[in-house]
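Q: could you work out the structure for the sequence below:
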Amino acid sequence: MKKTVRRKFTDEFKEGAVKLVTEQGYKISEAARNLGIHATQLRRWVKGKSLDAPPVTTSTVQLQAELKQLRRENERLRMEREILKKAAAFFAKESV
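A: Alright, predicted model coming up:
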């Protein structure tokens with residue numbers, strides 16, 4: 001009796017195969033045929049990646065830059081609001 005040898009694939013290979021389907025628009029059967037794997041295996045990888053993968057996150061550097069920009073904008077808006085309050089109070093005094 002012949003023993004079946006199970007093929008093992010690296011994570012990089014799996015990710016590349018999944019990207020062919022998800023990002024480049026290949027059909028699962030077409031990508032599997034080109035990669036030399038069974039379509040069911042690729043379908044399982046695609047399904048697993050979509051369930052396991054966390055939502056796309058931005059890097060910490062991008063988040064910090066956005067936070068800095070938002071804080072600057074918030075401070076500017078506060079100053080504008082204070083100026084408008086003072087102007088409203090000034091014109092209210094003059095109209096009396």
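
Q: for the rest of this, base every contact and every neighbour count on C-alpha atoms.
A: Noted.

Q: so the residue lying closest to Ala32 once chain neighbours are set aside versus Arg33, what's the distance?
A: Leaving aside its chain neighbours, Ala32 sits nearest to Ala39 (5.1 Å; criterion: CA to CA, 6 or more residues apart in numbering). Distance check for Ala39 against Arg33: by CA to CA, to the nearest Å, it reads 7 Å.

Q: neighbour count for those two, which is higher?
A: Ala39 (17 against 12; other CA atoms under 10 Å).

Q: right, and the more buried one touches Val21 too?
A: No - using CA atoms under 8 Å, Ala39 is not in contact with Val21; the gap is 11.3 Å.

Q: between the two, which contacts overlap?
A: Common neighbours of Ala39 and Val21, counting by CA atoms under 8 Å, 6 or more residues apart in numbering, are Ile28.

Q: state which helix of this structure is the longest.
A: What stands out as the longest helix in the chain, according to DSSP state H, is helix 60-95.

Q: check the offset of it from the chain's centre.
A: 31 Å (CA atoms, centre = their mean, to the nearest Å).

Q: tell me the mean pLDDT for it?
A: Across helix 60-95, pLDDT averages out at 92.

Q: again with stretch 38-46
A: Mean pLDDT, stretch 38-46: 93.

Q: cool, and stretch 3-21?
A: 89.

Q: residues in contact with that stretch?
A: For stretch 3-21, the surrounding residues in contact (CA under 8 Å, 6+ apart) are Tyr26, Lys27, Ile28, Ala31, Ala32, Leu35, Leu42, Trp45, Val46, Lys49.
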